[in-house]
Each structure stands twice: as structure tokens, then as C-alpha cells.
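*Asks:* Generate coordinates for the sequence data below:
(chains A and B)
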Number of protein chains: 2
Amino acid sequence: MKFTVTHESSNTKARRGVLETAHGTIQTPIFMPVGTQATVKTMTPEDLESMNAQIILSNTYHLFLRPGTDIIAKAGGLHKFMNWDKPILTDSGGFQVFSLSHRRKITEEGVMFRSHIDGSKQFLSPEKSMEIQHILGSDIMMAFDECAPYPATREYIAHSSDRTTRWAERCKIYHNNKEGQNLFGIVQGGMYKDLRKKSAEELVSLDFPGYAVGGLSVGEPIELMCDVLDYTTDFMPKDKPRYLMGVGTPDYLFEAVERGIDMADCVLPTRNARKGTVFTAHGKLVIKNARYAEDFLPLDPECDCYVCRNYSRAYIRHLFKANEILGLRLASYHNLYFLLKLMENIRTAIENDSFLSFKDDFYAKYGYNNING
Amino acid sequence: MKFTVTHESSNTKARRGVLETAHGTIQTPIFMPVGTQATVKTMTPEDLESMNAQIILSNTYHLFLRPGTDIIAKAGGLHKFMNWDKPILTDSGGFQVFSLSHRRKITEEGVMFRSHIDGSKQFLSPEKSMEIQHILGSDIMMAFDECAPYPATREYIAHSSDRTTRWAERCKIYHNNKEGQNLFGIVQGGMYKDLRKKSAEELVSLDFPGYAVGGLSVGEPIELMCDVLDYTTDFMPKDKPRYLMGVGTPDYLFEAVERGIDMADCVLPTRNARKGTVFTAHGKLVIKNARYAEDFLPLDPECDCYVCRNYSRAYIRHLFKANEILGLRLASYHNLYFLLKLMENIRTAIENDSFLSFKDDFYAKYGYNNING
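*Replies:* Numbers count the residues shown, from 1 in each chain, chains lettered A, B, ... in the order given. Predicted coordinates:
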């Protein structure tokens, strides 16, 4: 894997880069659609390619439990199983073990937990997560970490964050630079600057090809997220890609990029779409609202996506009211396209060194308060 | 509308034809995918075009109740509302009033009923059905009829069938040959030969551009359906398209075409797909079955559709087990393609005057008993 920063913003930490992987080249900063269970919900790979998705995310925890790694191994890996031949990033299962499973027990060795599907007893550890991600064949693998809750005491975070570092070392040893797959470390440390610094420095000394920021966007105010992110990226190498986990609204993406983030992912655009909430240049729109019953404009008149070129709000509202699956499909397509296009525009703005003015214009139109004035 | 029979089978009543409408030309015999609520469930218009769908069906009853004709009128008709620019056939609402609504009351004037959506009091009549179908702008409209239950007494059928004829006359008067839209009459008469003959002759005297056979495939054995259909098509003009309503399994389609049917529709291929049952050259396949968990063949190894070229049974089974919408989409696409391709092969077989041998080969492989030996 090769990462090259091609442009740097002169008045922010935003940067424009190129990330080369075994399954293709990724222009950064990038938003990564999430395909939790080996499918980006409602979308085919062709749909994703038509909206210029460059890399998608999938989930070790979910695929481990269902269909199980045996089946994906027999399919020849996740790319072949789901028919997607571009890059895939898989998370480690760490986050889901803590957010989805029942009755988990954390030890130094790993995490015992009960499956959220059938209650069966399961175990994940740094080594097991690596073994699964090797079978999945993801281009970017994540180290097995604990995503600590918010709020949490300094003591809890210090303990958890240190263990995450020890687990990262075990991941690195097991991974052993398997060809074609790249392992990222995850910086933890909660909302404590010195702990973020310690986590980052220790992980950097392990020399990963890329680093994620974990434990943010977990319920804290956006101002706090921005603050923590700002100093955390300062502790991270400039020549390696930086990935902020679990972020997927326009404001969070802008704030992240402004602070030197290159990659982000979130289920929100597709989850919100299925609930009928879509992005537009002028803010969110709830398509089921009665006011759209006879509105023959596209979801977003400023959007040039397949959905906005072909369907009206009135039609999509009808699909939602009538519980038609096509409604979920069209809204999901639009929301993903909206974020991917936004990131494309952000990349262009960085190239032109106009990131902040582009952000200001977007915020003004969208109806956001500009966090940094 | 112009209908031309281009080939006739020498040893059956099967025929190959071309039907020209305002929105395009249809090669017959044809299967018509059903888009009940202004969408063929899970599919975009582009999906339908890519599987060579030539005409789709939609439902007056459903669209009348939701979103309502006002909205579709403002959209500029159903084609524009749903973004489908090829031919559309709409049924009259007659069948749904009897199969879906609550507490209906039939009078000579029409049918009072309660909406299956909100229980509201509604009224449909021959004139109202025509008014709605004019607004929808369907290429082929159906006369408002009563689809009588099976079994039913001769007295009930005689009475109902006569009223259907009187309603057809009222439909024709209201329709008044509105430009670009063609009204088909529906032959009723239950399982009684003389009543079928009477119904057909009276409708033919009204001179419709096409005729449907209603009241079949309503629970009667297939042998009885074949018998009734056989004599009923003899009572129908040779130079007009003949449409068998509500038929959509390979055997019913073969038997219908053999008896001179040119058009058919059914929700079954998409409904079964959403339940995980798909067509293959060797019979039905229930994709959720455990035996497919590690089966990396396509749904149907003999099928050349998008789904069979790109996905395995193991993957599609995973999607169904994980409740992923993409599973419904892929299975729906395959089932529709399967029937459309079957009809294409049937058309070729009629052109080559090899319909019966093609049918025999298909039945043997699919595992059907050959009804006519």
C-alpha cells in the first residue's frame, strides 16, 4: 500500500491524497459506504460503482457470526463472495462486540460474548480477528481494539487504551504483513489529550501503514469531537492515511477533513435513507411529510444523481407510504451519492486551496452553524 | 393499436404476434411483470428494461386509493410518475375490489367498498374505472368486471357475467376511444361453456381492440383451466390480442400459449422471489434451505441473467438469512428474467413451429407432468 499526499490546505490541516491498494486506487479524503453484512444495504456493486464509491467497509463481527468464515473462505474471500472487486476495509469486530453483543467478558486474552443473533457463546481476540480478516481478504484490516464508552473515567480509558495498544501489537505479530492486506492501528484515549498522545505514540512506534481514530462520535458534543480530533491528528504521522471511524454527516465529515482526516465511514446515510430522511444541499428532508405529496421536484434539485434525475419527491414519498422497497433503494442511493459527491467536491476544494470557503458556503446553504466561526 | 399475427403453430393454437401501442411495440406471446403500486417490487425501470420487459401492469384499485389520481394527474400520468416510458396495462380495479376490500356491496351501478388501507368508504363503477385509467394514461385499459369466485353456481355466474357485459358496454361508451388508449373487454362465464360463449359473443359484438379471459386461475385445477381456456379462446377473434389474467408459472404460461393466449401477467414471480423461491430450468429452488449454504453455483446454472452471472446461491442464501433487501432484489430480478426469457424462447419456438417439442423438453427438465401427454 502506498499513500501520497498530493495537496495540503494552507490554512487548515485538510489534505488531498492518493491511496494505492491491491484492489485499486482511492482518492482521499473519501467517505466509505458501509456493507455490514457483505452488502451495502439495498445496493448492488454496480450501483456503488455508478456513484463512484471507491472503497466499501464490511464487518468482521457480523460476517464471523453469519455466514461464518468457512463459507467466505470457500467462496474465495469477501470480494468474490459479494461480487465487489474494488477495495474493502474491514473493521476488527471490536466495536460490535461492545455495542451489539450480550454478556461480554473482557480479559487480556480477548472478549467472550454472546451472539446478538442466536445467543451462542463466541470469542474474539486480536489473533482471531486477524485470522478472520485474512480469510475475508480485506485490503485494509483494523486492529482489534476496545471502543470505550462516553463518558468514561480517566482510569477506565487509561486501562482500556493501554490494552488496545497491547492488542495492536499482537495483531501486528499475527498479521505478519500478509501480502496484499494492510493493518491499521486504532488510536484510543477517550477525551484525554495525554492518553491520546500516549496511544498514538505507542502505535506509531509499531509502524502501521495507516492509523484510525477510534472512540469518537460516540455521543460526545461535536465541539468536543473537534477538539479531541484536532490534537489527536497532530500526534499521527503526516505520511500515513488517517481514518476517523463512524462519521457520516456532512458537518462531521467537513470537521474531520479540516483536522487532517483522510477516510471516514458510517451507516447513517443508508440507515437514515431507509427511514426516509435524505440529504439535500439545503439540509435534511423527511420524505414522508405530507408537504411532499404533490411536490414534483427531485429529492435535491441541485443533485445530479440517478435518483434526482429520474424521480420526484411525490413518487418517492408514495413508495415510502406504500411500503415499497424501491423507496428504500432510491433514498439509499441518493444519500450515498450525496456524501460521495460532497467528498469529491471537498477534494477539488483542497486542490484549489479553497477548503474553508467551500465549507462556509456549504454550511450556510445547508443551515449548519459554522463551528469554527 | 395494431395487432398482427406473424406465425401460427401448425399443431396447436399458439401464435406469434406483434402488438403496436403508443409507447412501443410488444412481441407476443408476452409475460407482463406486475407493478401493483406504480413499481414492480424492488425493481427500477432500468432493471426491467435490462431484462427485456416490454410492458408492465399496474393497478387501478391500488393507485386510486394511494397515492390517488389527483397526484398522478399532476405528475402527467402514470408513465411519468413512475419513470417508465414503455407500454403499461392497467386492470380495472374489479378484481381487487373483490379480493382485497372489505364489506363490498355490488349494485348495477357499481361497487361500494371499504379501502383495505384505511377502511374508508369508496366507490368504483365502470365510468369511475375509465376515468381513473384515462388519468393513469395506460396504453391498455381493462373494462370494469366482476371476477366471480370459484366454485360458484351457474345462476351466480350467469348473473355476474351478464352484468360484466353491461358494465363493459358502459366502459366503452365512457372511454369513447380516447386517443392512445385501448380498452379490452373481459370474457367471464366461470367454468360453464355456454356462459363463456355468451360472454365472448356479446363482448365481441361491442368490438374491443383486444379481449381478456377473466375468472380463471382462481383456484380451479389446472386441467379445468386448460379445458375452459381451450373453448373460450375459440369464441374469441383470431385477429385480436388475447390476454389471460393472473397467470405466471411456466406450466400455466405454456398451457395458455398453447390455447391461443398472447399476453399474461401475475405477481407470483416477484412474490415468490421475496419469499426466497426461484425458478430454475430444473424446477423451483428454495434458497433458504441449508443445502445451499455452501453452494457456489448460480441460482440457475443455465440462466444468463445478471444475477446468475454474478452471484452464488450461497451469497443469496446469506442475504435472505441476514434479512438483507438485496436478496429480495436479486431473487426478484432472476424470477422476472426467467419468465421473460421463457416467453422469448416460446416465441422463437412458435416461429420455428416447434412449440410442442420445446414444451415437452422444458416440462421434462423442470419436472412437470405433461398435462396433455
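
*Asks:* Quick check: bridge partners of the residue positioned nearest the centre of chain A?
*Replies:* Centroid check for chain A by CA atoms, centre = their mean gives A:Asp265 as the closest residue, at 1.5 Å. Assessed by DSSP bridges, A:Asp265 has beta-bridge partners A:Met32.

*Asks:* so how far is chain B from it?
*Replies:* Per CB to the nearest CB, to the nearest Å, A:Asp265 is found 18 Å from chain B. Heads up, the C-betas are built off the backbone N, CA and C, glycines and all.

*Asks:* Against A:Lys2, how distant is that residue?
*Replies:* Separation of A:Asp265 from A:Lys2 (CB to CB, to the nearest Å) stands at 21 Å.

*Asks:* By proximity to chain B, which residue of the stretch 151-300 of chain A wins?
*Replies:* Nearest residue of the stretch 151-300 of chain A to chain B (CB to the nearest CB) works out as A:Glu294 at 5.7 Å.

*Asks:* In three-state terms, label that residue for me.
*Replies:* Following DSSP: H, G, I helix; E, B strand; the rest coil, A:Glu294 is assigned to coil.

*Asks:* correct me, but it touches B:Ile72?
*Replies:* No: if you go by CB atoms under 8 Å, A:Glu294 and B:Ile72 don't touch, sitting 10.5 Å apart.

*Asks:* who's more crowded, the two?
*Replies:* Using other CB atoms under 10 Å in any protein chain shown, the more surrounded residue of A:Glu294 and B:Ile72 is B:Ile72, with 25 against 16.

*Asks:* starting at the chain centroid, how far to the lengthiest helix in chain A?
*Replies:* Ranked by residue count, the top helix of chain A under DSSP state H comes out as helix A:325-351. Centroid separation for helix A:325-351 versus its chain: 14 Å, with CA atoms, centre = their mean, to the nearest Å.

*Asks:* Buried residues in that helix, which are they?
*Replies:* Buried residues in helix A:325-351, counting neighbours by 16 or more other CB atoms under 10 Å in any protein chain shown, are found at A:325-344, A:346-347, A:349-350.

*Asks:* Chain B next: which of these are close?
*Replies:* Here is what survives when the buried residues of helix A:325-351 are matched to chain B using CB under 8 Å from any CB of the partner chain: A:325-326, A:328-329.

*Asks:* Show me the two of those residues that sit farthest apart.
*Replies:* Within those, two members stand farthest from each other by CB to CB: A:Leu326 and A:Leu328, at 7.4 Å.

*Asks:* Show me what the following helix or strand past the longest helix of chain A is packed up against.
*Replies:* As assigned by DSSP states H and E, the chain's next helix or strand after helix A:325-351 is helix A:355-366. For helix A:355-366, the contact count by 3 or more CB pairs under 8 Å, 6 or more residues apart in numbering or on different chains; DSSP states H and E identifies helix A:250-258, helix A:325-351 as packing neighbours.

*Asks:* Who are the contact partners of the residue nearest to A:Lys288 when sequence neighbours are not counted?
*Replies:* Computed as CB to CB, 6 or more residues apart in numbering or on different chains, the closest residue to A:Lys288 that is not its neighbour in sequence is A:Gly276, at 4.7 Å. Applying CB atoms under 8 Å, 6 or more residues apart in numbering or on different chains to A:Gly276 gives the contacts A:286-288, A:320, A:327, A:331.

*Asks:* Same check on A:Leu224?
*Replies:* By CB under 8 Å, 6+ apart, the neighbours of A:Leu224 are A:Met191.

*Asks:* Turn the ones next to chain B among the buried residues of helix A:325-351 into a markdown table, including pLDDT and distance to B:Ala168.
*Replies:* Formatted as a markdown table, these follow (pLDDT from 0 to 100; distance: CB to CB, whole Å):
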| residue | pLDDT | distance to B:Ala168 |
| --- | --- | --- |
| A:Ile325 | 98 | 36 |
| A:Leu326 | 98 | 34 |
| A:Leu328 | 98 | 40 |
| A:Arg329 | 98 | 39 |
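
*Asks:* Spell out which parts of the stretch 1-150 of chain A neighbour chain B.
*Replies:* Selection of the stretch 1-150 of chain A residues close to chain B by CB under 8 Å from any CB yields A:37-39, A:41-45, A:62, A:66-67, A:70-71, A:74-75, A:81-83.

*Asks:* domains of chain A?
*Replies:* Chain A resolves into domains spanning A:2-265, A:273-362 when parsed by the TED database.

*Asks:* How far off centre is the longest one?
*Replies:* Taking the mean of its C-alpha atoms, domain A:2-265 sits 7 Å from the chain's own mean (CA atoms, centre = their mean).

*Asks:* again, but for the shortest one
*Replies:* Counting by CA atoms, centre = their mean, domain A:273-362 is centred 19 Å from the centre of its parent chain.
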